[in-house]
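[1] mind looking at a prediction? Sequence and model below.
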Amino acid sequence: MTAIRRRQPGNDGGDFLGIHSVNHFVMAVPDLHEAERFHTAFGLDVVDHRAGYAVRTDGSDHDWGYFVEGGRKQLQHLSFGVFEQDLQRFKHHLESLGIKLLAPPKGFESNGLWFRDQDGNLIELVVTSKTSPDFKAHGGHVSTPPGIVGAPLRSKAAKVRPTRLAHILIFTRDIQKAIDFYVGALGMGLSDRSGDNIAFMHGRHGSDHHMLAFVRSSAPGLHHTSWDVPLIDQVGQGATQMADKGFVRGWGLGRHVLGSNFFHYVRDPWGSYAEYSCDIDYIPVDMDWQSQDHDPEDSFYMWGPTPPEDFARNYEAE
Ligand SMILES: [Fe+2]
């Protein structure tokens, strides 16, 4: 990873206190073998873990997510990375807010801080290196000069392998309460929202336009995990890669308005999605981003096919 950057002292004269990265997520799924088949086809590395398996990305030994066997699909916990000098400050901060600290869950024992968010989601803050990017990646499309063939033969095309976890979108009962909690307790920034339907949050030590986002539902749950690929071409190629393995349901190719990323979502066997994402907007460490409240028509996508009818359905609420 690149050198650690952190936000400079603010008007209050002290170092800004905020999480810097999404460290990992943990999902329970009904069938680990089928989940492993899905994630391997998606282009992730699957590594044994005592509780199930971990997923890694191309060239990284970071465990971005863990999958464990459960009776049904269920988000188990979210872990966020903090700087070493901030862990004790966070402990005092959380206690000052009346947030009760908890013991770690079985299989994920750590010296981090464990507590529940406003929806009851289990959250960990733990000291990690900063895995959210320090700079906007130069993604997009590479064109070839005249006389040179641009597309590889399909049989020779390299497998699409995401380079990092980009963001996570979770369901929440109340958008405003979610914003208030993640700004107030975790020091995140609101990037953009659309009324009480959806909100996008960034890390204030420099991150993508969103590393975490919320969409309104009757219960908590995971909507999608998003994985960065360097080229738009790989977004489309990833969709074909998944369809070739039988994972044909999804949505894309399209482009979002809020975050600007190109996307293709592939539906997993339990109704959540894994997103190939390319060229998302970036909010630098030294920028005070002005969030806006957007019309619903701008909150979803700029162009692309019509999304599946159940795209925003929360299968963890049923
Ligand atoms: Fe996304």
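    Perfect, I can see it now.
[2] and for residue 138, the neighbour number?
    Counted with other C-beta atoms under 10 Å, the burial measure for residue 138 works out to 7 neighbours. The way it works is simple: take the backbone N, C-alpha and C, and place the C-beta from them, glycine included.
[3] what strand or helix carries it?
    Here residue 138 is covered by no helix or strand, with elements defined by DSSP states H and E.
[4] and the gap between it and residue 161?
    When distance is defined by C-beta to C-beta, to the nearest Å, residue 138 is 18 Å away from residue 161.
[5] what pLDDT does the model give the residue nearest to residue 17 when sequence neighbours are not counted?
    By the measure of C-beta to C-beta, 6 or more residues apart in numbering, the closest residue to residue 17 outside its immediate chain neighbours is residue 187, 5.1 Å from it. Turning to residue 187, the model gives it a pLDDT of 97.
[6] what residues does residue 187 make contact with?
    Contacts for residue 187 were tallied using C-beta atoms under 8 Å, 6 or more residues apart in numbering; they are 16, 17, 18, 19, 204.
[7] doesn't residue 223 make contact with residue 314?
    Yes. Residue 314 is in contact with residue 223 according to C-beta atoms under 8 Å; the separation is 7.3 Å.
[8] enumerate every residue touching the residue of the chain found nearest the ion.
    With C-beta to the ion, the shortest gap between the chain and the ion falls at residue 226, namely 4.0 Å. Residues counted as contacts of residue 226 (C-beta under 8 Å, 6+ apart) are 165, 166, 167, 168, 169, 261, 263, 274, 275, 277.
[9] next: residue 199.
    175, 178, 179, 190, 192, 193, 213, 214.
[10] per-residue confidence for it?
    pLDDT for residue 199: 98.
[11] what's the answer for the one 3 residues further on, then?
    Confidence at residue 202, expressed as pLDDT, is 98.
[12] the helix or strand that contains it pairs with which strands, and in what direction?
    Element membership for residue 202 (DSSP H and E) is strand 198-203. Partners of strand 198-203 in the sheet, by DSSP bridges, are strand 188-194 (antiparallel), strand 212-216 (antiparallel).
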